[in-house]
Structures are given as C-alpha cells and as structure tokens.
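Q: here is a sequence with its predicted model. Questions after.
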Amino acid sequence: MATIDSLDLASLQNNPQSIAEALEDALETTDGTIGQLKTDAQSKKDDIDDLYDQALIVKNNIDSLFSSSNSVEEYYTTTLDNSFVAWDLTTQPTDEHGLRIQRFGKIYIMQIAMYRSGTSTTSYQQHDIKTLSSSDITLPSNDVNLGLGSKGSSGERDNISRLEFKSNGTITMTYYNEVSSVMHVLGNFIGVDV
C-alpha cells in the first residue's frame, strides 16, 4: 500500500475540491502507477480523437462525392452514332437495348446493349458512341473513365479497353475486335467524376 508522505493536511482549505486536488498531486508523486494510468488514459484519448478526425475526413469525402446529388438523373436512347445499333436482345422488356445513363451526384452508371457491323478485326479502334448535351443529363466536370469490358464466345472476342464519358458530353469507346466484323457491347459500366 502506498503512503502519502508529501501531503500537508494543515495547509488544505476545508473544502472537497482542495482536498481532492491535493490527494491527486500527492498520489501522482508517491505512486507512479496512478501517474502512469493518467498518462495512458490521455494517450488513449488522443488516439480516439485522431481516429475520430480520420473518420470525419472520410465522412466529408463521401458527403462530397454525393454533394451534387440534388437530383438523380436518367437518360435513355436507342439512337446511337457511328453505325452503332441498339441491340434488342429480347422482346421484353422493351427498354433494355441501347444506352441508358444514370447519374447520382458524381457517380455515372451506363448500361449498354449495342453492336456495330463492319468493324475491322485485330486492331484497336476508337469511336464515339453518342454525344450528349447538358439538356440531356448533367455532364461531368472532368472526363470520367467508366472502365472496360468484354464479350466472348466461340464466334466473338470483343474487348473494350476504355469507355469514357467526356466533359464535353461525348461518350467514347476504345476497343479491340478480334474475330468477326461485328463488335458487341453488353454490360454495365460505372465511373466517378473525380
């Protein structure tokens, strides 16, 4: 049991706060473990404060990502550019073919079902699929990379190396058509206006 040698009771004012402060000071100097506990507790509090600050930064980044989501938008068309044709896979539903763009804040999602005949094989090509205006959908402030994709079968090996929604409204696809002269695109693509 620790002893409190340095506590001068005669000098204390007769109130609980004064006595508590004097005991705290005395215990810190006479018993190192209590002083260490106080230091450890402060260190843990500092760690928690740091984690909170980091979590707040992440939250603010997520909020920023969705901050421009004053409205969710959608654009759909079956009319495409550069000889691309909406690929009607089934009779139902009636709106699965062509190009659909959904925007939520800075996130753009494209659903594409289309093909292009007469495409040369074994070479990379780049074509604009569609050019939109700000009256169609809110255009990105930067060029948005929506990723890549492929459609493969015994008769088709069609690879998209980049689908891009440019800030000027143009949707551009860079692709490689390996086997037949028909380039098929069937997929969902997503990107963020960074």
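A: Noted; the coordinates are in hand.
Q: need the contact list for His97.
A: Contacts for His97 (CB atoms under 8 Å, 6 or more residues apart in numbering) come out as Thr78, Ala86, Trp87, Asp88, Leu89, Ala113, Met114. For every residue, glycine as well, the C-beta is placed using N, CA and C.
Q: okay, it and Ser43: tell me how far apart.
A: 61 Å (CB to CB, to the nearest Å).
Q: try Thr122
A: 64 Å.
Q: tell me where this structure has strands.
A: 72-77, 84-86, 98-104, 107-116, 124-131, 144-145, 149-152, 157-165, 170-177, 183-192 (DSSP state E).
Q: for Glu21, which of these is the nearest?
A: For the strands of the chain, proximity to Glu21 was assessed by CB to CB; strand 183-192 is nearest, at 55.3 Å.
Q: got the buried residues for that closest one?
A: Met183, His184, Val185, Leu186, Gly187, Phe189, Gly191 (16 or more other CB atoms under 10 Å).
Q: by how many degrees do that strand and strand 170-177 diverge?
A: 130 degrees (axes from the mean of the first three to the mean of the last three CA atoms, to 10 degrees).
Q: on that earlier part again, least confident of the strands of the chain, on average?
A: With a mean of 78, strand 149-152 has the lowest mean pLDDT of the strands of the chain.
Q: what does that strand contact?
A: Here strand 149-152 makes contact (CB under 8 Å, 6+ apart) with Arg157, Asp158, Asn159, Ile160, Leu163, His184, Val185, Leu186, Gly187, Phe189.
Q: let's go with 6 Å and repeat that
A: Identification of contacts with strand 149-152 by CB atoms under 6 Å, 6 or more residues apart in numbering yields Asp158, Asn159, Ile160, His184, Leu186, Gly187.
Q: so what's the first one up against?
A: Contact analysis of Asp158 by CB under 6 Å, 6+ apart lists Lys151, Asn177, Met183, His184.
Q: beta partners for it?
A: Lys151, Asn177 (DSSP bridges).
Q: tell me how far it lies from Lys151.
A: 5 Å.
Q: burial measure for Ser181, as a count.
A: Applying other CB atoms under 10 Å, we find 11 residues neighbouring Ser181.
Q: next one: Thr170
A: Neighbours of Thr170 (other CB under 10 Å): 16.
Q: could you list the domains of the protein?
A: For the chain, automatic domain parsing gives the domain ranges 11-66, 72-192.
Q: highest mean neighbour count out of the ones you listed?
A: Comparing the domains of the chain by mean neighbour count (mean count of other CB atoms under 10 Å), domain 72-192 comes out on top with a mean of 16.
Q: coming back round to it: ok, the contacts of His97 vs Ser133, which is closest?
A: Looking across the contacts of His97 and measuring by CB to CB, the closest to Ser133 is Thr78, at 17.7 Å.
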